[in-house]
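Novice: quick one, fold the following:
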Amino acid sequence: MSQLLHQLLFDQAEKAPLSQALGIKSQWYDYASVALHVKSVASGLQSLGLSRHARVAVYLPKTAEAVFSYLGTTAAGGVMVPVNPVLKAPQVLHILTDCKASVLITNKARFKQIEASLTDCHDLSHIILVDGHSEEESRVQVIAWSDFLKEEKAWFQPPSIDMDMAAILYTSGSTGRPKGVVLSHRNMVTGAYSVSEYLENTHHDRLLCVLPFSFDYGFSQLTTAFASGASCYLLEYLLPGDIIKQVAQQKITGLALVPPLWVQLSEMSWPEEAALSLRYFTNSGGAMPSSTLDALRNKLPQTSPYLMYGLTEAFRSSYLPPEDVDRRPGSMGRAIPNAELLVINEHGLPCKPHEPGELVHRGSLVALGYWNDPERTKERFKPVPLSIQEIPTPELAVWSGDTVTQDEDGYLYFVGRKDDMIKTSGYRVSPSELEELMYASGMVLEVAAIGVSHDQLGQAIVLIVVSATDEPVEEKAVIKYIQKHMPTYMMPLRVITQSALARNPNGKIDRKTLAAEYENLFVSGESK
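Specialist: This next block holds a predicted model:
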């Protein structure tokens, strides 16, 4: 069994070199070809003097070059940092500086967007452009993809073990800017085998990669496929209907999406060839509305639904098998293979059935912590309670911050979140990041970003503000301002001016009171 992330691919290249591995548009790469490209990238990075565990940021949409770069980085002994292609310059700059990336792989269009900000990236030494040369001068050496790639025979496997860092995935925290979750080779390889086991993936499967690779759920489509010898088709869609179209054209057997996309697809017609080819679909990134699940099952009667729950800090935690969907409505399911999920009360003891407690995940899927953030690492990665396991060296587990209950058979049910994260369109959005931006605008005296239930988005972002002038804050002006600095999924759906914001006894803004006040702001996706 493979122990290193890139070895998943190399093993399949030896077993079935001519089998389809990666498709995009009208082109398909077999496993042997993908392995050759990955080794060429690794050789190129090694020729640049990439040191062990150095970070390589990849700021690209879903392209073959992006996949080659991810696995080429780990094969070279580095740490890959997938950057969501929809992020704007401020977020990209934060990621590059926070992880101290030494190499950035991107394209000319994105390079142009962030070029002016790169003066603050003091650790960045090389930029690789996958679509040619840059005519602009830069303090950082800019290299064209064709000049960067080196002979695959020049690649050498550096000394690596499964506990070494493989990736840093950036996710928004409950406060402040996005934080980097550090994943080991063991985390990612264990996750790949675990998911492919319960999804029963084989080399006959064809997976459609729709979600961004910066999202652990999105990247899982690659690792799951490579663990089982399946094939992946990369899709950058314009309209939701494009997804259904490609399911039919590419004879896709497995489809993984987040609730907002499933809501839209459940309202569309599925051609017979799409319904017949799709063996299973999965949902994570938020609970799927029961009406959406019912609609999908009516349209796809031969397709098995897998409802899942996961944390970037532990990759994936639980799943509800298709045979339990009707028997356990509303359940998050049970632990995935090679993981144990605990429900712990405030005294550090296991909860009784149906007693609310915090979900705690233990096992080899638990990440290494947050990059460059020891305080938040201590908050989330804590020892397993002694009441569970007594071992000489304390074992660290992920304390999710989510309150759940567990029934007599071990099935979990979600109750609520401890933090104030807004979960919209499959993304976790930090309220404080939006609030800091609004304060910087000069338009507001006070602001609170809250999440309000929404049929299609899961939660819609609403800004409650106190104006800096005698006039209400203009909603269009706020939207226009935020659009310059933030990706689309962080756009508020409403901006509401109040004379003052509710506060708790400690003088802090009371988000729970505000969220309760506007709980019914949206009905059937439309503002009242």
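
Novice: what about Arg316, which SS state?
Specialist: Here Arg316 is coil, with the state taken from DSSP: H, G, I helix; E, B strand; the rest coil.

Novice: next: Leu359.
Specialist: strand.

Novice: which residues touch stretch 378-392?
Specialist: With CB atoms under 8 Å, 6 or more residues apart in numbering as the contact definition, stretch 378-392 has outside contacts at 313, 342, 344, 348-350, 360, 362, 366-367, 369-370, 394-399, 401. In this view, the C-beta of every residue, glycine as well, is placed from N, C-alpha and C.

Novice: adjacent strands (with direction) for whichever helix or strand Val465 is part of?
Specialist: Applying DSSP states H and E as the criterion places Val465 in strand 458-467. Its sheet considered, strand 458-467 pairs with strand 444-454 (antiparallel), strand 494-497 (parallel) by DSSP bridges.

Novice: got the CA positions of the helix or strand that the shortest one is followed by in PDB?
Specialist: If I follow you right, that is strand 494-497. Once the chain leaves strand 494-497, the next helix or strand it forms, by DSSP H and E, is helix 511-517. Below are the C-alpha coordinates for helix 511-517, written out as PDB (Å, rounded to 0.1, in the frame of the first residue of the first chain):
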ATOM      1  CA  ARG A 511     -24.100  37.800  17.100                       C
ATOM      2  CA  LYS A 512     -26.600  35.200  18.300                       C
ATOM      3  CA  THR A 513     -29.100  37.800  19.100                       C
ATOM      4  CA  LEU A 514     -28.600  39.400  15.700                       C
ATOM      5  CA  ALA A 515     -28.800  36.100  14.000                       C
ATOM      6  CA  ALA A 516     -32.100  35.300  15.800                       C
ATOM      7  CA  GLU A 517     -33.500  38.700  14.900                       C
END
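
Novice: put together CSV for the strands paired with strand 458-467, with mean neighbour count, distance to His53 and mean pLDDT on each row.
Specialist: Converted to CSV, those look like this (neighbours: other CB atoms under 10 Å; distance: least, CB to CB, whole Å; pLDDT from 0 to 100):
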stretch, mean neighbour count, distance to His53, mean pLDDT
strand 444-454, 21, 35, 89
strand 494-497, 18, 43, 95
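
Novice: chain neighbours aside, what residue packs nearest to Ser331?
Specialist: Once flanking residues are discounted, Ser331 sits nearest to Tyr411: 4.7 Å by CB to CB, 6 or more residues apart in numbering.

Novice: pretty sure that neighbour is touching Arg328, no?
Specialist: Yes - with contacts counted by CB atoms under 8 Å, Tyr411 reaches Arg328, the gap being 5.3 Å.

Novice: could you find the closest non-adjacent residue to Gly410?
Specialist: Spatial nearest neighbour of Gly410, excluding adjacent residues (CB to CB, 6+ apart): Arg334 at 5.2 Å.

Novice: OK, contacts around that neighbour?
Specialist: Applying CB under 8 Å, 6+ apart as the definition, the contact partners of Arg334 turn out to be Ser318, Tyr319, Leu320, Leu341, Gly410, Tyr411, Leu412.

Novice: ok, 7 Å please
Specialist: Applying CB atoms under 7 Å, 6 or more residues apart in numbering to Arg334 gives the contacts Ser318, Gly410, Tyr411, Leu412.

Novice: would you say it is within a strand?
Specialist: Yes - secondary structure assignment (three-state DSSP) places Arg334 inside a strand.

Novice: show me what counts as buried in the helix of greatest length in the chain.
Specialist: With residue count as the measure and DSSP state H as the assignment, the chain has helix 31-47 as its longest helix. By neighbour count on 16 or more other CB atoms under 10 Å, the buried set for helix 31-47 is 31-46.

Novice: quick one: which of the residues you listed is nearest Pro301?
Specialist: Minimum distance to Pro301 across those is 33.4 Å, recorded for Tyr31 (CB to CB).

Novice: what residues does that closest one make contact with?
Specialist: Gln12, Ala13, Ala16, Pro17, Ser19, Ala21.

Novice: Asp30 is in contact with the fourth one, correct?
Specialist: The reference is to Pro17. Yes - with the criterion set as CB atoms under 7 Å, Pro17 and Asp30 qualify as a contacting pair; they are 6.4 Å apart.

Novice: okay, domains of this structure per the record?
Specialist: Per the record's domain assignment (automatic domain parsing), the chain is made up of the domains 5-184, 328-363+372-417, 422-527.

Novice: which of those domains is buried the deepest?
Specialist: Using mean count of other CB atoms under 10 Å, the stretch among these with the greatest mean number of neighbours is domain 5-184 (a mean of 20).

Novice: and the host helix or strand of Val247, what's buried?
Specialist: Mapping Val247 onto the secondary structure by DSSP H and E places it in helix 240-249. Burial within helix 240-249, assessed by neighbour count using 16+ other CB under 10 Å, is assigned to Pro240, Ile243, Ile244, Gln246, Val247, Ala248.

Novice: between those residues, which is closest to Thr73?
Specialist: Among the buried residues of helix 240-249, Gln246 lies closest to Thr73 (CB to CB), at 27.7 Å.

Novice: can you pull the contacts of the closest one?
Specialist: Contacts of Gln246 were listed using CB under 7 Å, 6+ apart, and they are Leu208, Tyr233, Leu235, Ile252.

Novice: wait, doesn't the second one sit right on Ser26?
Specialist: No - Tyr233 lies out of contact with Ser26 (CB under 7 Å); the separation is 11.0 Å.

Novice: could I get stretch 25-45 in CSV with only the CA atoms?
Specialist: The C-alpha coordinates for stretch 25-45 follow below in CSV (Å, rounded to 0.1, in the frame of the first residue of the first chain):
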residue,chain,number,x,y,z
LYS,A,25,-11.9,19.2,-22.4
SER,A,26,-11.2,16.8,-25.3
GLN,A,27,-7.9,15.5,-24.0
TRP,A,28,-7.2,12.4,-21.8
TYR,A,29,-3.9,11.4,-20.1
ASP,A,30,-3.2,7.8,-19.2
TYR,A,31,-1.6,6.9,-15.9
ALA,A,32,1.9,6.6,-17.4
SER,A,33,1.6,10.0,-19.0
VAL,A,34,0.5,11.7,-15.8
ALA,A,35,3.3,10.1,-13.9
LEU,A,36,5.8,11.3,-16.5
HIS,A,37,4.5,14.9,-16.2
VAL,A,38,4.6,14.7,-12.4
LYS,A,39,8.2,13.6,-12.4
SER,A,40,9.1,16.3,-14.9
VAL,A,41,7.6,18.9,-12.5
ALA,A,42,9.5,17.3,-9.6
SER,A,43,12.7,17.4,-11.6
GLY,A,44,12.1,21.0,-12.4
LEU,A,45,11.5,22.0,-8.8
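
Novice: how far does that stretch sit from the chain's center?
Specialist: Its chain's average C-alpha position is 24 Å from that of stretch 25-45, according to CA atoms, centre = their mean, to the nearest Å.

Novice: also stretch 8-26?
Specialist: The chain centroid and the centroid of stretch 8-26 are separated by 24 Å, computed with CA atoms, centre = their mean.

Novice: use 13 as the first number for this chain going forward.
Specialist: New numbering, starting at 13: the last item is stretch 20-38.

Novice: state the mean pLDDT of it.
Specialist: Looking at stretch 20-38 alone, the average pLDDT works out to 97.

Novice: next, the distance between the ends of that stretch.
Specialist: End-to-end distance of stretch 20-38: 25 Å, with CA to CA, to the nearest Å as the criterion.

Novice: quick check: closest non-adjacent residue to Lys263.
Specialist: Looking at Lys263 with CB to CB, 6+ apart, the closest residue is Ser289, at 4.5 Å.

Novice: fine, thanks again, bye for now.
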